[in-house]
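Engineer: my questions are about this predicted structure, shown below with the sequence.
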Amino acid sequence: MSAGSAVVDVVVPDDGGRPTGGSLYDRRLVAALGGLGRPARLVPVAGDWPAADAGARTRLRAALGEPAPGRTVVLDGLVGCAAPEMVGDAVRRGVPVHLLVHLPLPAETGLDPAEAARLARAEATALAAATGVLTTSSWAARDLFRRYGTTDVAVAEPGAHRGPVSAGSAVPHLVCVASLTPRKNQLLLLQALAPLTGLPWTLELAGPAGGPAYGQRLRAAVRDLPEPTRVRLRGPLQGPALERLWAGADLLLLPSSAETYGMVVTEALGHGVPAVVGAGTGAVEALDGGPAPTTAPRPGAALAPDDPSAWTETLRDWLTDPALRAQWRAAALVRRERLRRWEDTARDVLTAIGRPLGRPDAAEHDTEYAAEHAAGHDADHATGHDTATHRTRRPS
């Protein structure tokens, strides 16, 4: 693929339209950049990422392209962190490549230790080779520092759409909008809700299917509930179907064992729907509106994702205490008014890649910077010293 005239090429895995948090972020980023008057395009790369074959890597080489005045690549980490040699080669050719890490590759559940270690090595090499690194939360930036010592990480927190405020349902309607995978941890919800069948509630699990083994376990766990008809499993929802789900939702449940942000949390808050999320994950930052502790009422709760009894007790309190439900709802409506826009995300990305709005010499600067950065990498390679591992700004 030729470099073309795009200012920003956002290179992503070709997911066949499967809606994931990462793919939605990438698409909305491109749209927001365009809305700010900065040409940008989505460049999908087919392949079984991160376990891509030689053909997929050839396609990635073509997508990364050649240097051109004003051209910058933002490369989805699912692709780039699995192909560090391609990242390093592009940077040495003078193509600025900024890795956008949605989730560290070894953080996915179900990996055997050897595979997790291999992915960690590849990811560390890619992060060191890249022109810059972006991620979606301060929590995620700290996680990259903890894993790899990467210190110069720019945060581009997702935006959110403020939709119609949910009217809720007569019977409290709980929703979990997430891919059906072990990391999203829907089985915990079924464990937590099983003791609460004496109370009124329904649960909807909506999201694309993951591996067949987890899907079978999930369906079996639903069948084993005292009243399985209270739980509905659905596929991925988009557009009007997703809006209908939010219109009847009373509470979002996201018990993920690992989450760098959790865009669905701010999507729920954008409809005035509070949330319960996994403690110790980036979803807490999405819930609270920032990494720092706040004295403002929280629009929900953060609970250990490996403690179903804690979820049982919290959900029991919420289901039986109208004052608690009202408190969470009021806090969600306050948080709704303070949500970031995708234009804010795009501005953060432009600043991180050296293309901030209002700087007319950005294209010339980018070309000079790419050449200087490539020369620095070549010199570091010759001396055995990598400047990318000695960055100065620690994540906040």
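Structural biologist: Arrived safely.

Engineer: other SSEs contacting the host helix or strand of V12?
Structural biologist: Take DSSP states H and E as the rule and V12 turns out to sit in strand 8-13. Secondary-structure packing of strand 8-13 (3 or more Cβ pairs under 8 Å, 6 or more residues apart in numbering; DSSP states H and E): helix 21-35, strand 40-45, helix 54-64, strand 72-76, helix 77-80. Using the backbone N, CA and C atoms, a C-beta is placed for each residue, glycine as well.

Engineer: roughly how far apart are the spatially closest residue to L269 that is not a sequence neighbour and G290?
Structural biologist: Nearest residue to L269, sequence neighbours excluded (Cβ to Cβ, 6 or more residues apart in numbering): R335, at 4.9 Å. Using Cβ to Cβ, to the nearest Å, one obtains 11 Å as the distance from R335 to G290.

Engineer: so for these two, which residue has more residues nearby?
Structural biologist: R335 (27 against 13; other Cβ atoms under 10 Å).

Engineer: quick one: the helices in the stretch 101-250 of the chain?
Structural biologist: 113-129, 138-148, 186-193, 212-223, 239-248 (DSSP state H, counting those that start in this stretch).

Engineer: elements contacting the shortest one?
Structural biologist: Contacting helix 186-193 under the criterion 3+ Cβ pairs under 8 Å, 6+ apart are the following elements: strand 173-177, strand 202-206, helix 212-223, helix 308-320.

Engineer: A209 touches G215, doesn't it?
Structural biologist: Yes - A209 is within contact range of G215, at 5.4 Å (criterion: Cβ atoms under 8 Å).

Engineer: which residues do these two both contact?
Structural biologist: L180 (Cβ atoms under 8 Å, 6 or more residues apart in numbering).

Engineer: tabulate the helices and strands packed on strand 8-13 (TSV), appending mean neighbour count.
Structural biologist: Putting the helices and strands packed on strand 8-13 into TSV (neighbours: other Cβ atoms under 10 Å) gives the following:
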stretch	mean neighbour count
helix 21-35	20
strand 40-45	20
helix 54-64	17
strand 72-76	27
helix 77-80	28
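
Engineer: quick one: closest of those to L188.
Structural biologist: helix 21-35 (19.0 Å; Cβ to Cβ).

Engineer: do a quick rundown of the helices in the stretch 251-396 of the chain.
Structural biologist: 263-269, 283-288, 308-320, 322-337, 342-352, 362-383.

Engineer: compare the ones you listed and give me the one nearest L242.
Structural biologist: Nearest to L242, of the helices of the stretch 251-396 of the chain and by Cβ to Cβ, is helix 263-269 at 8.5 Å.

Engineer: ok, Y148 - contacts?
Structural biologist: Residues counted as contacts of Y148 (Cβ under 8 Å, 6+ apart) are 120, 123-124, 127.

Engineer: go on, G215?
Structural biologist: Counted by Cβ under 8 Å, 6+ apart, G215 has contacts 180, 209.

Engineer: distance of it from W49?
Structural biologist: G215 sits 21 Å away from W49, going by Cβ to Cβ.

Engineer: before we move on, the earlier item: mind checking which of the helices of the stretch 251-396 of the chain is nearest A296?
Structural biologist: Nearest of those (Cβ to Cβ): helix 322-337, 7.1 Å.

Engineer: now the closest one: average pLDDT?
Structural biologist: The predicted model assigns helix 322-337 a mean pLDDT of 97.

Engineer: ditto for stretch 137-144
Structural biologist: 95.

Engineer: so where is this protein shaky, pLDDT-wise?
Structural biologist: 1-6, 17-19, 358-396 (pLDDT under 70).

Engineer: domains in it, by residue range?
Structural biologist: Using automatic domain parsing, the domain ranges for the chain come out as 8-159+342-389, 173-337.

Engineer: so what's A154 bridging to?
Structural biologist: Beta-bridge partners for A154, by DSSP bridges, are L134.

Engineer: circling back to that earlier point, between the helices and strands packed on helix 186-193, which gets nearest to R183?
Structural biologist: helix 212-223 (9.7 Å).
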